[in-house]
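Q: Can you look at this prediction? I've put the sequence above it.
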Amino acid sequence: MLSYRINEDAELRLLQLQHAANLFALTDSNRARLREWLPWVDSTKTLADTQTFIQETLNRLAKQSGVDLGVWYKGQLAGTVGLFDLNLSVRSAEIGYWLGAEFEGMGLMTNSVKALLWYAFEELELNRIQIRVATENLKSRAIPQRLGFVLEGILRQQGRLYDRYVDMALYSLLEAEWTNRPDLTLN
């Protein structure tokens, strides 16, 4: 999945080094908000940090251990979505995502995750996808809930956000569950 059109206004595209300035600007303008839930924000201080991140994502893609995509809305980079901890022998992966504040509430991330699920189950033939999210991050928790993921449990103090530990909700979706939900598959 190097690119995928979500609808007439939005698409997913593989993050490339030429996107670094846009991604850094989006991160920087959302820094305080992102820092509440994402542990990497303080280590992304410069354009060079974002370039390094994108190069690492391209290396993961080459090693078939992950894929990171930009979420584009009307030609603007709106956020990212990706598969990480991709294990083709076990046929599993985890999904992570974030959006800039100005792009929330339009269904962009739900549809982006839905497209990534299609890629994971149909193209990569994975069996299990999981999403871990801080229990208090209700906006992010709504995405797996909307998409039919099963809440497997709460991982107590499994995440660390700067000066505090947070409990993480662990959601999963199996290929058989995906197949049996025609509303989740792409047309």
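A: Done, it's in. Numbers count the residues shown, from 1 in each chain.
Q: and the host helix or strand of Leu61, how far from the chain's centre?
A: Assigned by DSSP states H and E, Leu61 belongs to helix 47-62. Distance of helix 47-62 from its chain centroid, counting by Cα atoms, centre = their mean, to the nearest Å, is 15 Å.
Q: what helices or strands is that helix leaning on?
A: Secondary-structure packing of helix 47-62 (3 or more Cβ pairs under 8 Å, 6 or more residues apart in numbering; DSSP states H and E): helix 20-29, strand 67-73, strand 76-87. For glycine as for every other residue, the C-beta is placed from the backbone atoms N, C-alpha and C.
Q: Can you point out the buried residues in it?
A: Of all the residues in helix 47-62, those buried under the rule 16 or more other Cβ atoms under 10 Å are 50-51, 53-54, 57-58, 60-61.
Q: So what touches the lowest-mean-pLDDT helix or strand in the chain?
A: Of all helical and strand segments in the chain, the minimum by mean pLDDT, DSSP states H and E falls on strand 3-5, at a mean of 89. Strand 3-5 is contacted by residues 11-14, 69, 115, 119 when judged by Cβ atoms under 8 Å, 6 or more residues apart in numbering.
Q: Kindly recompute the last result at 7 Å.
A: Around strand 3-5, the neighbours that count as contacts under Cβ atoms under 7 Å, 6 or more residues apart in numbering are 11-14, 115.
Q: and what of stretch 142-152?
A: 109-110, 113-114, 117, 131, 169-173, 177, 181, 184.
Q: In PyMOL, how would I select the buried members of these?
A: Here is the PyMOL command that selects only those of the contacts of stretch 142-152 that count as buried (16+ other Cβ under 10 Å):
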select buried, resi 109+110+113+114+117+131+169+170+171+172+173+177+184
